[in-house]
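Trainee: kindly return the folded structure for what I paste below:
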Amino acid sequence: MPDEDLPAARTTVERAIERTEREEKARTAGSAKRRAVKRVAAMPRSGFRRFLFENGLALVAGLLFLLTFVGQIAAGHAGYNEDQREHGQSTKSVGEYLRSGAFVEATAENWESEFLQMGLFVVLTVFLYQRGSSESKKLYEPEGVDQRPEEASGDPGAPWPVRHGGMPLRLYKHSLSIALFAMFVVSFALHAMGGAADYSEDQVAHGGHAVTTFEYLTTSRFWFESFQNWQSEFLSVAVLVLLSIWLREQGSPQSKPVAASFHETGE
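Mentor: Numbering: from 1, shown residues only. Alright, predicted model coming up:
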């Protein structure tokens, strides 16, 4: 950016900050403040109930995962054995099914698409914007996520890597995307290995020959399974980014305030 443009840019940012502060003050007064007071008054003081209150989102999400995972296992096991009987082959116990290529492939190919979606979304939102979307950083106002962590090295409440600096901080600055992409790579590998085992079993049953994991990676079946999951995840991200411009969900931090204009960007 040319130096002569900097004063105008600073003025734009300062005005945006003032406008945001006024809007935030207005929105957190009145009914929003009363709701916060009621929430704090109802909050358990200590013990297990306090733990449940403070961790309810993760606990419910984890419970839903376990319930649906058990449902997948039960339905998948029944369907697998039904297919085995139709082809005159022996059925498998639940334990054997969980070790089968069919189960590993079906599970890992879904996990890989989720981790790829989340990892890419985390990285893309660092430098790409969508005006009016709650899933985007603000266009004109400063964002806390853009602060250089070195500026908080003296904060005793900052995480250890921030206070330590050096390589721990360099890794910590990107730890979220690193973790998500690492889980994608592991899921991708499990998808390939499980798919190779299942594909080989099907090939041998029809008079063909087994394939290695690397050979399976060259098949159209593997890439069809991958792309059909990936495209659905990217579609869901695009839909959420765009719908959050015009649609709202009162009380959700994933939505803009109901009274926010369509052009207002960020949560």
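Trainee: what about Gly266, how many residues close to it?
Mentor: Gly266 is flanked by 17 other residues according to other Cβ atoms under 10 Å. Glycine gets a C-beta too; all of them are placed from N, C-alpha and C.
Trainee: let me know the pLDDT of it.
Mentor: For Gly266, the pLDDT comes out at 81.
Trainee: skipping adjacent residues, who's closest to it in space?
Mentor: Nearest residue to Gly266, sequence neighbours excluded (Cβ to Cβ, 6 or more residues apart in numbering): Lys138, at 4.2 Å.
Trainee: ok, Gly251 - contacts?
Mentor: If you count contacts by Cβ atoms under 8 Å, 6 or more residues apart in numbering, Gly251 has none.
Trainee: now do the SS call for it.
Mentor: Following DSSP: H, G, I helix; E, B strand; the rest coil, Gly251 is assigned to coil.
Trainee: any idea how far Phe188 lies from Glu112?
Mentor: According to Cβ to Cβ, to the nearest Å, Phe188 stands 5 Å off from Glu112.
Trainee: ok, Thr212 next?
Mentor: Distance from Thr212 to Glu112, by Cβ to Cβ: 19 Å.
Trainee: and the two? Which one has more around it.
Mentor: Here Thr212 and Glu112 are compared on neighbour count by other Cβ under 10 Å; more neighbours surround Glu112, at 25 against 11.
Trainee: what's the helix or strand for the more buried one?
Mentor: Using DSSP states H and E, the element containing Glu112 is helix 101-127.
Trainee: do the same with Thr68
Mentor: Assignment of secondary structure by DSSP H and E places Thr68 within helix 56-86.
Trainee: could you list every helix and strand in contact with that helix?
Mentor: Secondary-structure packing of helix 56-86 (3 or more Cβ pairs under 8 Å, 6 or more residues apart in numbering; DSSP states H and E): helix 94-98, helix 101-127.
Trainee: those helices: which one's closest to Leu6?
Mentor: Across the helices and strands packed on helix 56-86, Leu6 has its closest neighbour in helix 101-127 (19.9 Å, Cβ to Cβ).
Trainee: show me where the stretch 151-267 of the chain has helices.
Mentor: Assigned by DSSP state H, counting those that start in this stretch, the stretch 151-267 of the chain shows helices spanning 160-164, 166-172, 175-205, 213-217, 220-246.
Trainee: many thanks, I have nothing further to ask.
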